[in-house]
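Peer 1: the sequence and its predicted three-dimensional model are supplied below.
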Amino acid sequence: QVQLVESGGGLARPGGSLRLSCTASGFTFSHYAMSWARQAPGKGLEWVSGIVSDGKTYYADSVKGRFTISRGDAKNTVNLQMNNLEPEDTAVYYCQAAYYNGDTLQYDYWGQGTQVTVSS
């Protein structure tokens, strides 16, 4: 059974930091690209950051320089270190595992989400 379990969300002040973690099980983690996406109140899903099997990382312009994604294949985890948080970062954050055949997405799995609130 595939599971993605996010943790680490909560309340932070503007300029503060939070670290999100996603622990995966039920599939061969090292074969999957891992990403974080978020959904702010009243808005659509926004891709935030991704990391592929060889460790190459990608970021949305809105978080570049503030967020850092990393993966630990030995423990089947992907982390998102979020620094210098802004109120606009308030959202539910979701972990995604995606399997690609070349450049074609074959299938993906999603976690249940963790709330991040940035407020003074």
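Peer 2: Sure, I can see it. Treat the numbers as computed from the prediction; the structure is a model and nothing was measured.
Peer 1: pick out the residue closest to the middle of the protein.
Peer 2: Nearest to the geometric centre of the chain sits Trp36, at 2.3 Å (CA atoms, centre = their mean).
Peer 1: please verify my assumption that that residue contacts Tyr93.
Peer 2: Yes. If you go by CB atoms under 8 Å, Trp36 and Tyr93 touch, sitting 5.9 Å apart. Every C-beta, even on glycine, is put in place using the N, C-alpha and C of the backbone.
Peer 1: joint contacts of the two?
Peer 2: 20, 48, 80 (CB atoms under 8 Å, 6 or more residues apart in numbering).
Peer 1: from these, which land in strands?
Peer 2: 20, 48, 80 (DSSP state E).
Peer 1: chain neighbours aside, what residue packs nearest to the last one?
Peer 2: It refers to Leu80. Residue nearest to Leu80 in three dimensions, not counting chain neighbours: Leu20, with 4.3 Å by CB to CB, 6 or more residues apart in numbering.
Peer 1: picking that back up, how much space separates the residue nearest to the centre of the chain from Lys56?
Peer 2: Counting by CB to CB, to the nearest Å, the gap between Trp36 and Lys56 amounts to 15 Å.
Peer 1: next SSE after the lowest-mean-pLDDT helix or strand in the chain?
Peer 2: Least confident helix or strand, the chain: strand 104-110 with a mean of 93, by mean pLDDT, DSSP states H and E. Reading on from strand 104-110 to the C-terminus, the next helix or strand found by DSSP states H and E is strand 114-118.
Peer 1: where are the low-confidence patches of this structure?
Peer 2: Residues of the chain meeting the criterion pLDDT under 70: none.
Peer 1: would you map the strands across it?
Peer 2: 3-7, 10-12, 18-25, 33-39, 45-51, 57-59, 67-72, 77-82, 91-101, 104-110, 114-118.
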